[in-house]
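Novice: Mind looking at a prediction? Sequence and model below.
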Amino acid sequence: TTEIYTLSLHDALPISTTRSAGSMAANGASGTAGLWSVIRGKSAPSLLQLIKDGADVQAVGGGDQTPLHLACELDAGECVKVLIAHNADLRAEDGQLRTPLLLACELGAAGSATLLMDAGASLAATDKTDKTPLHWLSQHGCAEALTLALRKGADANATDGSLRTPLWYAISKGQIGCAMLLLDAGASVTQADEDNRGPLHLTMQHCGGAEESAASVPLLQRLLQLKVDVTAVDREKRTALHWACANNALPCVDALIAAKADVNARDWAGLAPMHCACPLDAVDSVKALLGAGAHAEATDRDKRTPLHWAADRAAELCMKELLGTAETKVDTTDWSGFSALHYAARRSAVSCVRLLVDSGADKSLVAASGEQAHDLASDPEILRMLKAGLKRRRSLSSTNAIALEQELPSLAEKVFEACSGGDTSAFKNMCTPEVWASISKEVEQLCASKTSMALGQVHACPRSLTACVELKINNQPAVQLLTFNQDGLVTAFKHYVKA
């Protein structure tokens with residue numbers, strides 16, 4: 001029951017019949033000035049006395065606040081009662097366009113907000129960001145005041161300037177109880193914000209880690225009961241399952257998989273939920289995804305597989321799980337020619353490097369940058385593991401056509417330098433034994449001729465590992481056609497001159 005303060009004849013102060021009108025006006029003015037200090041002191045009796053003395057309850061102070069604004073800001077409930085009883089304006093706006101109710105709700109002053117709502121304050125009022133009282137009550141988790149606002153007809157689907165509803169604020173601030181109240185009141189489960197994230201996305205985005213996420217399961221189950229679309233994507237094309245995996249929220253991952261969420265959905269960067277789980281070493285989530293049919297060799301836009309992501313974050317448990325599947329290929333390379341071994345070596349993850357080597361990872365793979373895994377390692381034990389048994393540095397192992405277009409001309413130029421310099425020994429070291437046996441006489445004659453040679457353009461064919469070198473020998477056009485193997489050795493050499 002709201003306590004109401006009223007003026008009675010018994011309360012009224014005796015006024016002398018000889019008192020001048022100017023004296024009364026002066027007392028009223030000084031009383032108004034004193035309103036602010038007594039409200040700051042939360043003294044309702046003193047406030048009542050000032051009002052009896054003629055203080056103006058509609059006075060405007062700093063920041064365009066009225067006394068009722070200040071009382072709400074301080075959550076001075078007894079002062080709020082006095083001001084309401086003496087007809088303080090419930091619709092007055094301060095300098096930030098807030099009514100007393102909006103200010104009380106923004107500051108989480110649930111008691112003052114309740115008094116104002118009982119007095120009939122508008123629940124449709126909005127501040128400069130278009131938030132309603134219900135937005136603020138949801139954000140602060142004021143469940144009782146929220147229930148009252150809903151009962152009095154507050155719009156559960158009102159949106160602010162960012163298209164955010166009260167449900168958006170309840171979920172994003174972890175106010176699960178308030179979110180349930182809003183859903184009971186008919187809050188929309190499909191309304192999305194400016195990032196196209198609906199309540200399901202938000203629940204998974206803010207659900208916390210493996211342990212914390214258990215508290216979000218009831219809300220998730222409620223949303224699923226309301227037939228929310230588990231395949232819906234946000235502006236970055238991520239599903240709720242992406243967010244759950246990114247938070248290592250296993251209870252939520254299990255619930256979404258049971259609701260037929262797409263375990264192979266891709267976001268804007270080509271990331272599947274598996275890519276999101278591996279960096280956190282969320283092995284239980286990875287097991288659940290694999291069990292539901294997730295692709296272990298799924299690649300993102302940079303051609304990285306979940307094994308690449310796990311190796312880059314030293315997620316050993318996930319690496320073991322992935323390497324235990326028949327689908328995972330240990331030597332898959334990404335766009336830059338890096339294998340999982342490159343990433344693990346760069347991370348100085350000793351146990352991960354050992355796991356990959358024991359799984360048969362190729363230590364001689366060369367990336368587009370020309371680096372092998374041991375070139376990226378700084379840990380002594382990793383260097384020892386990677387250099388053990390390493391024979392020849394492979395130069396053309398990358399499957400990247402762009403990288404090969406750069407590497408093939410470089411190798412061809414080295415062959416040309418050997419020819420023009422007359423260095424048959426260097427030329428021999430760049431050939432396989434078989435091809436050297438067949439072309440040695442021709443090359444020796446070419447090297448011994450000491451003719452003038454000028455290198456022209458080099459045309460590379462990555463598919464056949466062939467380079468066509470344009471030359472001028474004694475100012476006459478000539479062509480060397482070179483074919484290489486993956487070790488960067490010449491397997492075919494054809495020398496053509498103009499007839």
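Specialist: Great, that's in hand.
Novice: Could you report the separation of Ala258 from Val233?
Specialist: 20 Å (Cβ to Cβ, to the nearest Å). Every C-beta, even on glycine, is put in place using the N, C-alpha and C of the backbone.
Novice: Tell me which of those two has more neighbours.
Specialist: The neighbour comparison of Ala258 against Val233 (other Cβ atoms under 10 Å) goes to Val233, with 19 against 12.
Novice: Can you pull the phi and psi angles for the more buried one?
Specialist: Here is the backbone geometry of Val233 (degrees, to the nearest 10): phi -120, psi 150.
Novice: give me every residue that touches it.
Specialist: By Cβ atoms under 8 Å, 6 or more residues apart in numbering, Val233 lies in contact with Asn196, Thr239, Ala265, Asp267.
Novice: just Ile39 next, same as before
Specialist: Leu47, Pro67, Leu70, Ala71, Leu74, Ala76, Cys79.
Novice: Tell me the one among these nearest to Glu211.
Specialist: Checking the contacts of Ile39 against Glu211 by Cβ to Cβ gives Leu74 as the nearest, at 38.0 Å.
Novice: surely that closest one meets Gly41?
Specialist: No. In this structure, Leu74 is not within contact of Gly41 by Cβ atoms under 8 Å, at 9.5 Å.
Novice: out of those two, which sits in the busier spot?
Specialist: More crowded of Leu74 and Gly41, by other Cβ under 10 Å: Leu74, with 18 against 13.
Novice: got the phi/psi numbers for that one?
Specialist: Main-chain torsions, Leu74, degrees, to the nearest 10: phi -90, psi 0.
Novice: SS state for Glu297?
Specialist: Here Glu297 is recorded as coil under DSSP: H, G, I helix; E, B strand; the rest coil.
Novice: Val458: what's it in contact with?
Specialist: Contacts for Val458 (Cβ under 8 Å, 6+ apart) come out as Leu408, Pro409, Ala412, Glu413, Ala467, Cys468, Val469, Glu470.
Novice: Please apply the same query to Thr424.
Specialist: Taking Cβ under 8 Å, 6+ apart, one finds Ala418, Ser440, Val443, Glu444, Cys447 in contact with Thr424.
Novice: Which members of those residues are positioned in helices?
Specialist: Filtering the contacts of Thr424 for membership in helices, criterion DSSP state H, returns Ala418, Ser440, Val443, Glu444, Cys447.
Novice: which of those residues lies closest to Glu371?
Specialist: Nearest to Glu371 among the ones in helices among the contacts of Thr424 is Ala418, at 24.9 Å by Cβ to Cβ.
Novice: I'd assumed Met430 was in contact with that closest one.
Specialist: Yes. Taking Cβ under 8 Å as the definition, Ala418 is a contact partner of Met430 at 6.8 Å.
Novice: Adding secondary structure and pLDDT, write the contacts of Val458 out as CSV.
Specialist: Listed next are those as CSV, based on DSSP: H, G, I helix; E, B strand; the rest coil; pLDDT from 0 to 100:
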residue, secondary structure, pLDDT
Leu408, helix, 84
Pro409, helix, 87
Ala412, helix, 86
Glu413, helix, 86
Ala467, strand, 89
Cys468, strand, 90
Val469, strand, 88
Glu470, strand, 89
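Novice: Output the residue ranges of the strands in this protein, listed in chain order.
Specialist: Assigned by DSSP state E, the strands in the chain fall at 453-461, 466-473, 476-484, 490-497.
Novice: Same list, the ones you listed, but as TSV with distance to His308 please.
Specialist: Shown next, in TSV, are the strands of the chain (distance: least, Cβ to Cβ, whole Å):
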stretch	distance to His308
strand 453-461	27
strand 466-473	30
strand 476-484	27
strand 490-497	31
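Novice: Only the buried subset of the contacts of Val458, as a ChimeraX command please.
Specialist: Buried subset of the contacts of Val458, written as a ChimeraX selection, criterion 16 or more other Cβ atoms under 10 Å:
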select :408,409,412,467,468,469
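Novice: Need the contacts of Val458 in TSV (columns: distance to Asp300).
Specialist: Listed next are these as TSV, based on distance: Cβ to Cβ, whole Å:
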residue	distance to Asp300
Leu408	27
Pro409	30
Ala412	33
Glu413	35
Ala467	32
Cys468	35
Val469	37
Glu470	39
